[in-house]
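Asker: Next one to model:
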Amino acid sequence: MTRRRDAKLSSFGPAEEPESPSRGAEEPPALAVSTLVGLVDRAIKGDDRFADVWVRGEVSGFRPAASGHWYFDLKDEGALLHAAMFRADNGRLKWQPEDGAEVLARGRVAIYSSRSELQVVVKDLRPVGVGALALAFEQLRRRLEAEGLFAPERKRPIPQFPSRIGVVTSLSGAVLRDVARTAARRFPAARLLVADARVQGEGAAESVARGIERLNARGHVDAIIVARGGGSMEDLWAFNEERVVRAVAASAAPVVSAVGHETDFTLCDFAADLRASTPTAAAEALTPDAGELLAWVGESEARLVRALEDLVPDLQQGLDERVERAAAAMRRRVAREADLLAQRAGRLESLSPLAVLARGYAVAKREGRLVREVADAPPGSEVEVVLRDGALWGKVTKVRRHGEEG
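Answerer: Sure, this is the predicted structure:
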């Protein structure tokens, strides 16, 4: 048995040592992670079913990047799918997705190899249950309202008699003719200054905003009408653009918005100082009716004449009383002044040299100068003696001083 055991052993060779992890059995074929991810990515790209798909789901974790790209998740009750929408595609949207919004996303399915994540690269995005334009309108309205652009206290009064009215609209449209005809009929004194603008299509928002800014830069308008005829929401969309709304809010002159028909509302209406249902209504709101104005002037003139007729007798009586009081006061003042003058004249009279002479005194003069003492007229000099009623001339023959015996 020993030989058989040995023979058996010899037939299989020497006994082997137990296997170790480093020297184990031959490894099965394996793929690198990147290889497998690449295979799956190529498989997806090679299947036309994933090249253009519509996916319905709820937006979650919406993240707009500084680059302008959007990143978010689409989820339902059973799964979650990463999504990316690059700036070139999301720039065409007039609205922005929000967390919780249900959307339809169109794009291609791909693998984001850096993270081995399945994602959809979105080319088009539509809200479910509400139109994209209606959603964009509401989103921008809420944001601008939060800034206070639509606050009532920002509204300025519309001038009652504007002499220059700016109009932002297309030169080729019927709107301008309606505004001009209405203004000319109601208030011919008003002048229209027109800023030609595109009111529909690409570049319309920029054109309308520049028109508002040009009229304000000139500084010669009392008010501005921003006008366009009726149309669909798409046709009127330029007047919902943020560029236009901010230009209206920043206008130095009051703005009347007249976009579309009576049932149409735009964000331009909210920012304007006055909304008119039609362009014609805007022109009527800014221009007084000349006929009515003349009638009002005539009625005012008649009321003024009647008021003056009632007032004149009272005024005349009051004037007579004032004149009488003034005359009496003047007489009293004249009497007081006359008494004062007489008193002062009496005092002057008492101080007059003539009054002294009248009492028997005389004044001696020599060569036109007063003789004040005997030395002024020595013997032999000629003197003039002035009396009350005349003068005497004589020659001094003798002088004597007081106290001397003569």
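Asker: Name the nearest residue to Glu242, ignoring sequence neighbours.
Answerer: Using C-beta to C-beta, 6 or more residues apart in numbering and skipping residues adjacent in sequence, the residue nearest Glu242 is Leu140, 6.1 Å away. All C-beta spots, glycine's among them, are computed from the backbone N, C-alpha and C.
Asker: what about whichever helix or strand the one you found is part of, average pLDDT?
Answerer: Leu140 is part of helix 132-147 when elements are defined by DSSP states H and E. When pLDDT is averaged over helix 132-147, the result is 84.
Asker: what about the stretch 1-150 of the chain, any weak spots by pLDDT?
Answerer: Across the stretch 1-150 of the chain, the stretches falling below the confidence threshold (pLDDT under 70) are 1-25, 129-131.
Asker: I'd like the distance from Cys268 to Met233, if you could.
Answerer: Here the distance between Cys268 and Met233 works out to 13 Å (C-beta to C-beta, to the nearest Å).
Asker: Neighbour count: these two, which is higher?
Answerer: When neighbours are counted by other C-beta atoms under 10 Å, Cys268 and Met233 differ, and Cys268 comes out ahead with 28 against 15.
Asker: is it fair to say that one lies in a strand?
Answerer: No. Read with DSSP: H, G, I helix; E, B strand; the rest coil, Cys268 is helix and lies in no strand.
Asker: Skip the chain neighbours and tell me the closest residue to it.
Answerer: Taking C-beta to C-beta, 6+ apart as the measure, Cys268 lies nearest to Phe239, with 4.1 Å between them; neighbours along the chain are not counted.
Asker: Show me the domain layout of the protein.
Answerer: 33-129, 153-288, 290-351, 357-395 (automatic domain parsing).
Asker: any idea which of those is most buried?
Answerer: Each of the domains of the chain was scored by mean neighbour count; the highest is domain 153-288, a mean of 19, by mean count of other C-beta atoms under 10 Å.
Asker: for the host helix or strand of Ser300, the distance to its chain's centre please.
Answerer: Secondary structure here is read from DSSP H and E; on that basis Ser300 sits in helix 290-351. Distance, stretch centre to chain centre, for helix 290-351: 51 Å (C-alpha atoms, centre = their mean, to the nearest Å).
Asker: re earlier: what number of residues lie near the residue nearest to Glu242?
Answerer: Applying other C-beta under 10 Å, we find 18 other residues in the vicinity of Leu140.
Asker: looking at it, it is touching Phe239, isn't it?
Answerer: No. Between Leu140 and Phe239 there is no contact under C-beta atoms under 8 Å: 11.7 Å.
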